[in-house]
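1. Turn this into a model:
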Amino acid sequence: MIHEKWDQSVLLLLCCFFSNALGAFFGMDIGTDVSTMPSPSDLVMVLKANQITHVRLYDADAHMLKALSNSGIEVMVGVTNEEVLGIGESPATAASWINKNVASYMPSTNITAIAVGSEVKVSTPQSMDIIPRPFPPSTATFNSSWNSTMYQLLQFLKNTNSYYMLNAYPYYGYTNGNGIFPLEYALFRPLPSVKQIVDPNTLFHYDSMFDAMVDATYYSIDAFNFSGIKIVVTETGWPWNGGADEPDASLENAATFTNNLIRRVLNNSGPPSHPTMPINTYIYELFNEDKRHGPVSEKNWGVLFTNGSAVYPLSSSSRITGNSTIIFCVAKEGADKDKLLDGLNWACGPGQANCNAIQQGQSCYLPDSVQNHASYAYNDYYQKMHSVGGTCDFDGTATTTATDPSYGSCMFTGSSNSSRSSGILSPSSAFGPVSPTAGGTNLPVSEVQILITAACVAAVLL
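-> From the prediction side, this is the model:
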């Protein structure tokens, strides 16, 4: 039986890592199916302003690699699907590719990885087809029809001390899961005791679908008696807009997922079966790719618009943004919506907070959610009143933070600099107004063996 495509929810990439990063990190994928892509130099300004330290390119664009020179940003370059056949069949072609696209830019451009091939999908409605039964993770195995190919791949990764790279999408796991798992599980939200997800064999508790996907892959690798092969998630994310039949693709869900993902990655721990192995992760993606085909959601995975403004606010840890001397008051994650609405109404009414910025058409109106609006109103009240006894409580729905919650052009009261560059999604310069609009290349599985050969050739040449 020949499968024609690989699945969207978990994508395997072959790669060679040149160095190991110290501590967990998250990076950004930079797709190029964008109508108004910033120039490479402007794009690097956005990355540096947001203190993004790792990026994944889907090609080895010369202009982009030059712009990244001396930036300190770690770069993963890609061998495109169109280039794979030639590299796999000819060591001379592989050597030429390495010399042209890697060696000629190092060390000024900090290229740390090569991904060979991209977006190879499985033609089946089931999610994670290469792991037919991903839950419970402890019994997960790769599709047996792939045994020979997977063994060769894992042997290569083991011999070269490389990473197994996959794309893990809880969004697809949830939306294609027919209601088996709750939305909270996909969004890293706490689960009530009656909904705890437990592996019956190991009794490991899984707080998120993301961790379960990574662990299912570790167990699938273990089933081949390989150990010590680490996993890097090269794509994960959540679309912030979708069609009428895609209700879960929303600003609120995207912001919740990405915020919780960043916190999860930066706690420097692994999944339950490998708790000491951090899950380095690349977020899909930096900009919306409005030229992509398919449903509306395919065009709306970006965390930034191409003018540098944020699609939705991200509350980064102090590791990314640096510590602030200002204390802000914001709505608690998961707070009761009715209580939040009461607090919002009180702050904008009797509390005399200035709520003009969260009115429709103003700088802090989007995302149009009670939690976002409450955060702005709570903070405006707190900044004005805490010196005379005002508190940050609002019936238990508020909390203080040292992280500036401002984003894009939305400046929270107390923010020290309206053109600051400390926030992950708050670049200090924009590139002109761009209105928001509103998936990858397929590679036959018959060419997977050539992918492995290409990766091996690249590793030998390096």
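2. In the beta-sheet assignment, what are the partners of the most centrally placed residue in the chain?
-> Per Cα atoms, centre = their mean, the C-alpha nearest to the average position across the chain is that of residue 283, at 1.8 Å. On the basis of DSSP bridges, residue 283 is bridged to residue 28, residue 236.
3. In this structure it contacts residue 29, no?
-> Yes - in this structure, residue 283 is within contact of residue 29 by Cβ atoms under 8 Å, at 6.7 Å. C-beta here means a position set from N, CA and C on the backbone, and glycine is covered the same way.
4. list the contacts for the residue nearest to the centre of the chain?
-> Residues near residue 283 by Cβ atoms under 8 Å, 6 or more residues apart in numbering: 26-29, 236-237, 258, 261-262, 303.
5. quick one: it from residue 86, how far?
-> Look at residue 283 and residue 86: by Cβ to Cβ, to the nearest Å, they are 31 Å apart.
6. on that earlier part again, where's the residue nearest to the centre of the chain relative to residue 33, distance?
-> Distance from residue 283 to residue 33, by Cβ to Cβ: 17 Å.
7. what do you get for residue 42?
-> If you measure residue 42 against residue 33 using Cβ to Cβ, the figure is 18 Å.
8. swap in residue 374?
-> Distance from residue 374 to residue 33, by Cβ to Cβ: 36 Å.
9. More neighbours: which of the two?
-> Between residue 374 and residue 33, counted using other Cβ atoms under 10 Å, the more crowded position is residue 374 (28 against 18).
10. Quick check: that one is in a helix.
-> Yes - counting by DSSP: H, G, I helix; E, B strand; the rest coil, residue 374 falls inside a helix.
11. residue contacts, it?
-> 331, 340-341, 343-344, 347, 394, 397-398.
12. Local confidence estimate at it?
-> Per-residue confidence at residue 374 stands at 95 (pLDDT).
13. and residue 233, helix, strand or coil?
-> Residue 233 ends up strand, using three-state DSSP.
14. The closest residue to it other than its chain neighbours and residue 352: what is the separation?
-> In space, and not counting its chain neighbours, residue 233 is closest to residue 281: 4.3 Å by Cβ to Cβ, 6 or more residues apart in numbering. Relative to residue 352, residue 281 is positioned 43 Å away (criterion: Cβ to Cβ).
15. can you check residue 195 too?
-> With Cβ to Cβ as the criterion, residue 195 and residue 352 are 41 Å apart.
16. next one: residue 278
-> Look at residue 278 and residue 352: by Cβ to Cβ, they are 46 Å apart.
17. Where does pLDDT dip in the stretch 351-462 of the chain?
-> The stretch 351-462 of the chain contains residues with pLDDT under 70 at 387-388, 402, 415-462.
18. hmm, back to that, so which pair among the contacts of residue 374 is furthest apart in space?
-> Maximum pairwise distance in the contacts of residue 374, criterion Cβ to Cβ, is 13.2 Å, between 341 and 398.
19. between those two, which one's more packed in?
-> For residue 341 and residue 398, the more surrounded residue by other Cβ under 10 Å is residue 398, and the numbers stand at 25 against 14.
20. so who does that one touch?
-> With Cβ under 8 Å, 6+ apart, residue 398 has these contacts: 329-332, 335, 343, 374, 378, 382, 392.
21. change it to 10 Å
-> 329-332, 335, 339-340, 343, 347, 374-375, 377-379, 381-382, 391-392 (Cβ atoms under 10 Å, 6 or more residues apart in numbering).
22. out of these, which are inside strands?
-> 329-331 (DSSP state E).
23. Using PDB, write out every CA atom in stretch 202-219.
-> Output in PDB follows, covering the C-alpha atoms of stretch 202-219 (Å, rounded to 0.1, in the frame of the first residue of the first chain):
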ATOM      1  CA  THR A 202       1.700   4.400  33.000                       C
ATOM      2  CA  LEU A 203      -0.800   6.400  35.000                       C
ATOM      3  CA  PHE A 204       0.900   9.500  33.600                       C
ATOM      4  CA  HIS A 205      -1.400  12.600  33.700                       C
ATOM      5  CA  TYR A 206      -1.400  14.600  30.500                       C
ATOM      6  CA  ASP A 207      -2.300  18.300  31.000                       C
ATOM      7  CA  SER A 208      -2.200  19.100  27.300                       C
ATOM      8  CA  MET A 209      -2.700  17.400  23.900                       C
ATOM      9  CA  PHE A 210       0.600  18.900  22.900                       C
ATOM     10  CA  ASP A 211       2.500  16.900  25.500                       C
ATOM     11  CA  ALA A 212       0.600  13.700  24.600                       C
ATOM     12  CA  MET A 213       1.500  14.100  20.900                       C
ATOM     13  CA  VAL A 214       5.200  14.500  21.800                       C
ATOM     14  CA  ASP A 215       5.100  11.500  24.100                       C
ATOM     15  CA  ALA A 216       3.300   9.400  21.600                       C
ATOM     16  CA  THR A 217       6.200  10.100  19.200                       C
ATOM     17  CA  TYR A 218       8.700   9.200  21.900                       C
ATOM     18  CA  TYR A 219       7.000   5.900  22.600                       C
END
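24. count of neighbours near the residue nearest to residue 354 when sequence neighbours are not counted?
-> Spatially, and ignoring its direct neighbours in sequence, residue 354 is nearest to residue 380 (5.4 Å; Cβ to Cβ, 6+ apart). Other residues lying near residue 380 total 25 when counted by other Cβ under 10 Å.
25. picking that back up, switch the contacts of residue 283 over to a markdown table; also include pLDDT, neighbour count and distance to residue 149.
-> Putting those into a markdown table (pLDDT from 0 to 100; neighbours: other Cβ atoms under 10 Å; distance: Cβ to Cβ, whole Å) gives the following:
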| residue | pLDDT | neighbour count | distance to residue 149 |
| --- | --- | --- | --- |
| 26 | 89 | 23 | 30 |
| 27 | 93 | 25 | 28 |
| 28 | 94 | 24 | 30 |
| 29 | 95 | 22 | 25 |
| 236 | 95 | 27 | 24 |
| 237 | 96 | 23 | 27 |
| 258 | 93 | 26 | 33 |
| 261 | 93 | 24 | 30 |
| 262 | 90 | 21 | 34 |
| 303 | 93 | 24 | 34 |
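26. Hmm, residue 80 is touching residue 114, no?
-> No - if you go by Cβ atoms under 10 Å, residue 80 and residue 114 don't touch, sitting 11.6 Å apart.
27. Give me the more crowded residue out of these two.
-> residue 114 (26 against 14).
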